[in-house]
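# Build me a model from this:
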Amino acid sequence: MLEITEHAKVFTAHGEYVGRVGRIVIDPITRMVSHIVVHKGIFLPEDKVIPVAGIATATEERINLDRGNHPDDFLAFIEQHYVKADEEEEDDDVRAGATKAPFVWYGPYGMSSAMYPSSMSVVTERNIPERAIALQPDASVCALGRVEIGEFDEVITTDAGLATHIVVTMSDPSLDRKAIPMHWVDEIGENEIHLGVTQWMIDAIEVYDSHLSPVRE
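Presented below is the predicted three-dimensional model:
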């Protein structure tokens, strides 16, 4: 079982600190967690996408990568590249994600610069599977009727990455975290997770204790 928590610290197999989990990437249909996005910081110049297959162990506080897996070898979460206008017109996907990159002319010293239209566009792409969702930190979790009950905090998966539960930090400060069975989840979006059960069913779940294994429904 893997416990992949937002903001958990990520280390290489040699104990080198890499960064913290910024996002968790999940397929909303198969419920497979395919990647984690490690947030850039002192040790990373950019956010990196690390496949779950490259994780050796994962607990609430710490994720250890397999031997031979180092963040320098993984793709950036977001990449930008330039395309020509004719290439953009031929590809609907490129056109949808493209923004024009203006050409800036800098005159002699003392003169103002001028900006002109360019034949090049900047395309921004995410290096995650096409259908996957990169969950925002603290995404809202809503019960049936779109009643917000708390914020997404963690996903519990099998070793292969199949999500079995999500752990929610409840909005009610008197309540501790709850582990929600994945088959109760109706819809997964980048900012919201919608459940197909009422709030009273969630209230009936015992408080989540990470030291108990397996999680009880």
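# Flag the shaky bits of the protein, pLDDT-wise.
80-124, 212-217 (pLDDT under 70).
# got the domain boundaries for it?
If you go by automatic domain parsing, the domain ranges for the chain are 2-73, 78-126, 136-203.
# For residue 211, which of those is the nearest?
domain 2-73 (10.0 Å; C-beta to C-beta). No exception for glycine: its C-beta is placed from N, CA and C like everyone else's.
# Report the distance from that closest one to the chain centre.
Relative to the mean C-alpha coordinate of its chain, domain 2-73 is positioned 10 Å out (C-alpha atoms, centre = their mean, to the nearest Å).
# got the phi/psi numbers for the most centrally placed residue in the chain?
With distances taken as C-alpha atoms, centre = their mean, the residue of the chain nearest its centroid is residue 23 (2.6 Å). Reported as degrees, to the nearest 10, the phi and psi values for residue 23 are phi -140, psi 160.
# Leaving out chain neighbours, which residue sits closest to it?
Counting by C-beta to C-beta, 6 or more residues apart in numbering, residue 23 lies nearest to residue 37, which is 3.9 Å off, once chain neighbours are set aside.
# Pairing partners for the strand or helix carrying the one you found, with directions?
Here residue 37 sits within strand 33-39, counting by DSSP states H and E. According to DSSP bridges, strand 33-39 forms sheet pairs with strand 17-26 (antiparallel), strand 48-51 (antiparallel).
# Which one, of these, ends up nearest to residue 202?
Residue 202 lies closest to strand 17-26 among the strands paired with strand 33-39, at 19.9 Å (C-beta to C-beta).
# hmm, who's touching that closest one?
With contact meaning C-beta atoms under 8 Å, 6 or more residues apart in numbering, strand 17-26 is reached by 4-12, 32-41, 43-44, 47-49, 63, 65, 71, 77, 128-129, 132-137, 155, 163, 188.
# Need the buried ones from those selected in PyMOL.
In PyMOL syntax, the buried subset of the contacts of strand 17-26 is picked out as below (16 or more other C-beta atoms under 10 Å):
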select buried, resi 4+5+6+8+10+11+12+32+33+34+35+36+37+38+39+40+44+47+48+49+63+65+71+77+128+132+133+134+135+136+155+163+188
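# and the closest residue to residue 39 other than its chain neighbours, how many residues sit next to it?
Nearest residue to residue 39, sequence neighbours excluded (C-beta to C-beta, 6+ apart): residue 22, at 3.4 Å. Per other C-beta atoms under 10 Å, the neighbour tally for residue 22 reads 21.
# so how far is residue 176 from residue 22?
The gap separating residue 22 from residue 176 is 24 Å, by C-beta to C-beta, to the nearest Å.
# what's the answer for residue 154, then?
From residue 154 to residue 176 the distance is 13 Å (C-beta to C-beta).
# Identify the residues contacting residue 29.
Here residue 29 is in contact with residue 131 (C-beta under 8 Å, 6+ apart).
# Check residue 61 too.
For residue 61, the contacting residues are 5, 8, 9, by C-beta under 8 Å, 6+ apart.
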